[in-house]
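Student: take this sequence and fold it.
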Amino acid sequence: MGSICKESLERSSVAPDNDQETDTGFRGKSKHLSHDRNKIITEAKGTCHLFGRRSSRNDSPYTVSPRSSRLCLNLSGRPPGAKRAFICGVSYKKQKFRLRGVVNDVHSMRDFLVKQFNFPRDCILILSEEDSDMPPTKKNTEDGFKWLTRDLQFGDSLFFYYSGHGLRQPDFNEDEKDGFDETICPVDFKTEGMIVDNYINEAIVRPLKQGVILHAIIDSCHSGTMLDLPLVYNKTMGKWDDNRPPSGAYKGTNGGKAICFSACEDYQQAADTSVSTFVFFFLVIIIWVHMQFLTA
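Tutor: Okay, here's the model as predicted:
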């Protein structure tokens, strides 16, 4: 979701490496980037906004998941490659909370992954309202998570990008320090429901085995801890905060690494714009610096 840059990025989160005494989750050469990392995170900016609620009113073109034959084919075909990406962009067309700039974000992210990091085009799964066979419904998004983490092997590099609305709701599992679960909103969320951060963690963080790394960018409101990772960067204090749930539930990986860059804090909101400011800022600065070391 294209966003108006207003405040410094507050949240970058990681799942720590079990084999090293570090709280960054970065490995090898990346330890030399510690000073640059803090500087980059401090400089990055962006916030996003939505107020909304689940409703039974049918003003979405997707009341149930439409045909998704190509997605089913992807799930049933040969395993994805060692480099694979799942890009999910939700514009909410014909709805009063429509977002501008999402289509540009999706295309820019795909092209960047292909041209700069040699991701094969057939290993990039895109859900977009531009494609009537592959819309970003709740069912398709959940299937996309399964595709992303299918048949993982040592050395696999995964990438997840979400551009759309995000919300928060009361946490009844006692696994959120602030008392709220964060959610992403698929195109049919008003009828099918939102996707909660707990589910996202179980779907794409927990399966990461040793030697597998996930980079994620969540460009939505309330996105600070959308992956529920154990460590969260605190820009104000210049340190990593412990984000492990009070309930004691394990939210880390299965030996792999997960790194997430979020548009804003869990409590933050902002307006969207047709200019893809947030995405391009990250493309040029953050992804280039980190992924050239971590996906080589």
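
Student: from now on I want contacts and neighbour counts done on CA atoms only, so please keep to that.
Tutor: Noted.

Student: nearest residue to residue 121 in space, please, no chain neighbours.
Tutor: In this structure, residue 121 finds its nearest non-sequential neighbour in residue 114, 6.6 Å apart by Cα to Cα, 6 or more residues apart in numbering.

Student: and that neighbour, how many neighbours?
Tutor: For residue 114, the neighbour count with other Cα atoms under 10 Å is 14.

Student: just checking, it touches residue 120?
Tutor: Yes. At 6.3 Å, residue 114 counts as touching residue 120 under the criterion of Cα atoms under 8 Å.

Student: would you map the strands across the stretch 101-250 of the chain?
Tutor: 124-127, 157-163, 166-170, 180-184, 195-196, 213-219, 231-234, 239-242 (DSSP state E, counting those that start in this stretch).

Student: among the ones you listed, which is nearest residue 147?
Tutor: Ranking the strands of the stretch 101-250 of the chain by distance to residue 147, with Cα to Cα as the measure, places strand 124-127 first at 8.6 Å.

Student: now tell me what touches the closest one from outside.
Tutor: For strand 124-127, the external contacting residues (Cα atoms under 8 Å, 6 or more residues apart in numbering) are 84-89, 106, 110, 134-136, 140-141, 144.

Student: what about the residues you listed, which are in helices?
Tutor: If you go by DSSP state H, the contacts of strand 124-127 have 106, 110, 140-141, 144 in helices.

Student: check the residues you listed and tell me the two furthest apart.
Tutor: 110 and 140 (18.4 Å).

Student: identify the bridge partners of residue 259.
Tutor: Per DSSP bridges, the residues bridged to residue 259 are residue 14, residue 215.

Student: ditto for residue 241
Tutor: residue 232.

Student: pretty sure it is touching residue 231, no?
Tutor: Yes. Residue 241 is within contact range of residue 231, at 5.6 Å (criterion: Cα under 8 Å).

Student: just put the ones in helices among the contacts of strand 124-127 in JSON lines and tack on pLDDT.
Tutor: Shown next, in JSON lines, are the ones in helices among the contacts of strand 124-127 (pLDDT from 0 to 100):
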{"residue": "106", "pLDDT": "92"}
{"residue": "110", "pLDDT": "92"}
{"residue": "140", "pLDDT": "95"}
{"residue": "141", "pLDDT": "96"}
{"residue": "144", "pLDDT": "96"}
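
Student: can you pick the most crowded of these?
Tutor: Busiest of those [other Cα under 10 Å] is residue 144, holding 27 neighbours.

Student: hang on, isn't it packed against residue 86?
Tutor: Yes. With contact defined as Cα under 8 Å, residue 144 counts as touching residue 86 (6.7 Å).
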